[in-house]
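Engineer: Model the structure of this input:
(2 chains)
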Amino acid sequence: EPEVTQTPSHQVTQMGQEVILRCVPISNHLYFYWYRQILGQKVEFLVSFYNNEISEKSEIFDDQFSVERPDGSNFTLKIRSTKLEDSAMYFCASIKIQGGNTGELFFGEGSRLTVL
Amino acid sequence: DAKTTQPPSMDCAEGRAANLPCNHSTISGNEYVYWYRQIHSQGPQYIIHGLKNNETNEMASLIITEDRKSSTLILPHATLRDTAVYYCIVAPGNQAGTALIFGKGTTLSVSS
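Structural biologist: Residues are numbered from 1 along each chain as shown, chains lettered A, B, ... in the order given. Take a look at the predicted model:
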């Protein structure tokens, strides 16, 4: 069964460093998302992306964050200068549109980011 | 903020049906009811969705009241592996890119 894959599974970084989290969405999916979950808290929406543009973003997704689809398969989340409060599990998700309901997201297993 | 209300926790005996309620009294006409679950710290997993009719798939059944202000997710024969946080979400079903807003969900504990 096709799945969303994310790398790395765990990354430890120093405060102020740049981090790139990578996702490979399911191949025929067209919309992509990033969510995050701080330990013990809710799953929070960050951004959605379609056709090389941000479709929607939350208040959390400030200028420190950016997303990119650099090639036909990868979808990345970049945090320019990490802060302690960026420590969280980051989930990538994707949906297909044709023939699918737009609320049926397929999530990856997440990338755990620890900022020291 | 999430537009749904769920009990924070529920218990269920293995092999019994788990009935998870959700209130969504402000649901709009074009909004669907979606259920997801999250096992430990894994990525959320889609379970089922519905608009106004009851739905069933290989994982669960979804019962939506006639006024659509509440729904119940039914796991017919709960197993230990069904222990998870279950999220009820309302959102449009035809607006790709619209954020799904997760609340705190219901923590279901299945015990033997």
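Engineer: Verify the stated contact: A:Thr76 with A:Phe65.
Structural biologist: No. Look at A:Thr76 against A:Phe65 with C-beta atoms under 8 Å: they stay out of range, at 10.9 Å. Every residue, glycine included, has its C-beta placed from N, CA and C.
Engineer: Can I get the lowest-mean-pLDDT helix or strand in chain A in PDB? Just the C-alpha atoms.
Structural biologist: For chain A, using mean pLDDT, DSSP states H and E, the weakest element among its helices and strands is strand A:53-57, scoring a mean of 92. Written as PDB, here are the backbone C-alpha positions of strand A:53-57 (Å, rounded to 0.1, in the frame of the first residue of the first chain):
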ATOM      1  CA  GLU A  53       2.100  27.500  -4.100                       C
ATOM      2  CA  ILE A  54       1.000  27.800  -0.500                       C
ATOM      3  CA  SER A  55      -2.700  27.200  -0.400                       C
ATOM      4  CA  GLU A  56      -3.400  28.000   3.300                       C
ATOM      5  CA  LYS A  57      -1.200  28.600   6.300                       C
END
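Engineer: who's in contact with it?
Structural biologist: Strand A:53-57 has contacts (C-beta atoms under 8 Å, 6 or more residues apart in numbering or on different chains) with A:31, A:46-49, A:67, B:96-99.
Engineer: Just the buried ones out of those, please.
Structural biologist: Buried by 16 or more other C-beta atoms under 10 Å in any protein chain shown: A:31, A:46-49, A:67, B:96-99, out of these.
Engineer: residue contacts, the residue positioned nearest the centre of chain B?
Structural biologist: For chain B, the residue nearest the mean C-alpha position is B:Trp35 (3.3 Å; C-alpha atoms, centre = their mean). B:Trp35 makes contacts with B:20, B:22, B:46-49, B:60, B:62, B:73, B:86-89, as judged by C-beta under 8 Å, 6+ apart.
Engineer: For it, pull up the helix or strand it's in.
Structural biologist: Using DSSP states H and E, B:Trp35 maps to strand B:31-38.
Engineer: quick one: low-confidence parts of chain A?
Structural biologist: Residue ranges of chain A with pLDDT under 70: A:98-100.
Engineer: Can you name the residues of it sitting close to chain B?
Structural biologist: Within chain A, the positions near chain B by C-beta under 8 Å from any C-beta of the partner chain are A:4, A:30-31, A:33, A:35, A:37, A:42-45, A:48-50, A:55-56, A:58, A:89, A:91, A:93, A:95, A:97, A:101-110.
Engineer: I'd like to know which of the contacts of strand A:53-57 is nearest to B:Asn54.
Structural biologist: B:Thr98 (24.2 Å; C-beta to C-beta).
Engineer: Pull up the gap between the closest one and chain A, please.
Structural biologist: B:Thr98 sits 7 Å away from chain A, going by C-beta to the nearest C-beta, to the nearest Å.
Engineer: Now do the contacts for that residue.
Structural biologist: Here B:Thr98 is in contact with A:48, A:56, A:102-103, B:91-92 (criterion: C-beta under 8 Å, 6+ apart).
Engineer: now the helices for chain B?
Structural biologist: Ranges of helices within chain B: none, based on DSSP state H.
Engineer: what does it put close to chain A?
Structural biologist: So chain B meets chain A at B:32, B:34, B:36, B:38, B:41-46, B:49, B:87, B:89, B:91-104 (C-beta under 8 Å from any C-beta).
Engineer: Tell me the one among the contacts of B:Thr98 nearest to B:Ala13.
Structural biologist: Using C-beta to C-beta, the contacts of B:Thr98 come closest to B:Ala13 at A:Gly103, 31.2 Å.
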